[in-house]
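# Sequence and predicted model, in that order:
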Amino acid sequence: MNNAIPNESPELSRRQLLNFLTGATVAATVGAALYPVSQFFVPPREVNAGGGILAKDKLGNPIPASQILANPPGTRALIAGLAGEPTYLIVQEDGTLGDRGIVNNCTHLGCTFPWNENAEQFQCPCHGSLYDPAGNVVRGPAPLPLKLVHVTVKDDAIWLYPWTETDPRTGEQPWWV
């Protein structure tokens, strides 16, 4: 009876070492390539502590308030707002920006639409929905008023914040919250 313990130590063979190094190299390369691709699909976070973002133009550049305020009173300026949604800012009669912006997405099917200055209405060309200057539905098929955002001007920068309190047009909890 041989009670001796075998003197075989588990060693890493050359083949196992090369397989491990090849696998680690492939994993690092694929991981490095997939990270930027995955970040492409994640929208940039530009939100400040209060939940607001800077108003931007269609190229993503911040818009100074003085640029919009150079327009005559009653102008509706279209900018990129919260989550990149097109948003109308309104120049008031006193030459300041209104404290609320109107999001340019039809509540019927999400179409974008122009402001018709002559009729003083937002007119959705897809299915004929009409909205008054405050964003209320004048004629359907749109079932709900347009979404609102808070607008604040600080040091010539336009900040947009989500509207979470009662909708002043309906007196009810906003449908978009």
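Alright, I've got the coordinates.
# Check Asn71 and give its pLDDT.
For Asn71, the pLDDT comes out at 83.
# What of Asn104?
Taking Asn104 on its own, its pLDDT is 85.
# hang on, it packs against Thr87?
Yes. The pair Asn104 / Thr87 is scored as a contact, 6.2 Å apart, by C-beta atoms under 8 Å. All C-beta atoms are positioned from the backbone trio N, CA, C, and that covers glycine.
# which residues do those two both contact?
Residues touching both Asn104 and Thr87 (C-beta atoms under 8 Å, 6 or more residues apart in numbering): Leu78.
# can you give me the helices for this structure?
In the chain, the helices defined using DSSP state H lie at 14-40, 65-69.
# Now do the last one: which elements does it pack against?
Contact analysis of helix 65-69 by 3 or more C-beta pairs under 8 Å, 6 or more residues apart in numbering; DSSP states H and E lists strand 157-162 as its packing neighbours.
# how about the CA coordinates for the strand it packs on, as CSV?
The C-alpha trace of strand 157-162 is given here as CSV (Å, rounded to 0.1, in the frame of the first residue of the first chain):
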residue,chain,number,x,y,z
ALA,A,157,-29.2,82.1,-20.4
ILE,A,158,-32.7,80.5,-20.9
TRP,A,159,-33.4,77.7,-18.5
LEU,A,160,-36.3,75.2,-19.0
TYR,A,161,-37.7,73.2,-16.1
PRO,A,162,-40.4,70.5,-16.1
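# so where's this structure shaky on pLDDT?
Scanning the chain for pLDDT under 70 picks out 1-2, 4-10, 43-50.
# So it: which segments form each domain?
Using automatic domain parsing, the domains assigned to the chain come out as 13-42, 53-162.
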